[in-house]
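> sequence and predicted structure are below.
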Amino acid sequence: MKYLILILFSVVSFSSAAKLKVDKIKVYKQERLMRAYYQDELVREYKIALSISHNIPGFRMGPKRLRGDMRTPEGSYKIIKKRQRTQYPLSLLINYPNKKDIAWGKKNGKTKWELGDMILIHGFPYRPTKVVRDFVTKIGADVETVDEWLRAYFYPYFDWTSGCIGITDEQMKELFEAVEVGTEIEIKSFLYFDRSKLPDHLEAYPIRYY
């Protein structure tokens, strides 16, 4: 009995020690890459999905500026809320727009509401959004089985969000448990290129990457 208790204690201690912790997240949009760090050590890498509009020829990647522009923000942000059982089983709310975004809005005559909000890291939705449903039915998906089709053939291989950062449900569960409110998230256009250093007159016009 004594040895059994010691074994159980060791298993519990190992499980606690092995639990993933994340205190900083970095996102690189062009590479569709999200990296998670703890105490400056890389602990996870995730393949991400961005806006479904990237599947449309001519859509320009750039920083989010306005509500409905289907773009993902660029800059330094924080996780401000851990959300459960909304449109997605789990999601992390990012504090977009931040002070810099609001300052850009004022400079360009835009209200905070016009800048948009509800930028998340999330897994697959309970039900596909109308934008996604309309897009995939146009390319031949069966309306009656569209949810299963999306999970098998679309979500894992294409961009499908409305400007948020999408990962799988399994990855979302892991990340959700690993982060705390206040975790920093840095979003850049490129892994080796920081567009925040561009002059204002260039930054106002998104670069066409592909």
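Okay, I see it. Predicted, not measured: the structure shown is a model, and the values here were computed from it.
> lowest-pLDDT helix or strand in this protein?
Using mean pLDDT, DSSP states H and E, helix 200-203 stands out as the lowest-scoring helix or strand of the chain, at a mean of 43.
> could you report the distance from the spatially most central residue of the chain to residue 140?
Central residue of the chain (CA atoms, centre = their mean): residue 165, 2.0 Å from the mean position. For residue 165, the distance to residue 140 equals 27 Å [CB to CB, to the nearest Å]. C-betas here are computed from N, CA, C, even on glycine.
> and if you look at residue 50?
Taking CB to CB, one finds residue 50 at 23 Å from residue 140.
> now do residue 104
40 Å.
> low pLDDT regions in the protein?
1-17, 193-210 (pLDDT under 70).
> mind running it again at 90?
1-18, 60-61, 129, 137-145, 191-210 (pLDDT under 90).
> so how far is stretch 140-151 from its chain's centroid?
Chain-centre distance of stretch 140-151: 23 Å, with CA atoms, centre = their mean, to the nearest Å.
> what's the first-to-last distance across that stretch?
15 Å (CA to CA, to the nearest Å).
> what's that stretch in contact with?
124, 127-128, 132-133, 136-137, 154, 160 (CB atoms under 8 Å, 6 or more residues apart in numbering).
> partners of the longest strand anywhere in the chain in the sheet?
In the chain, taking DSSP state E as the definition, the longest strand is strand 75-84. Strand 75-84 sits in its sheet next to strand 90-94 (antiparallel), strand 184-188 (antiparallel), going by DSSP bridges.
> can you add mean neighbour count and distance to residue 174 and give the ones you listed back as TSV?
Compiled in TSV, the strands paired with strand 75-84 are given as follows (neighbours: other CB atoms under 10 Å; distance: least, CB to CB, whole Å):
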stretch	mean neighbour count	distance to residue 174
strand 90-94	23	10
strand 184-188	19	16
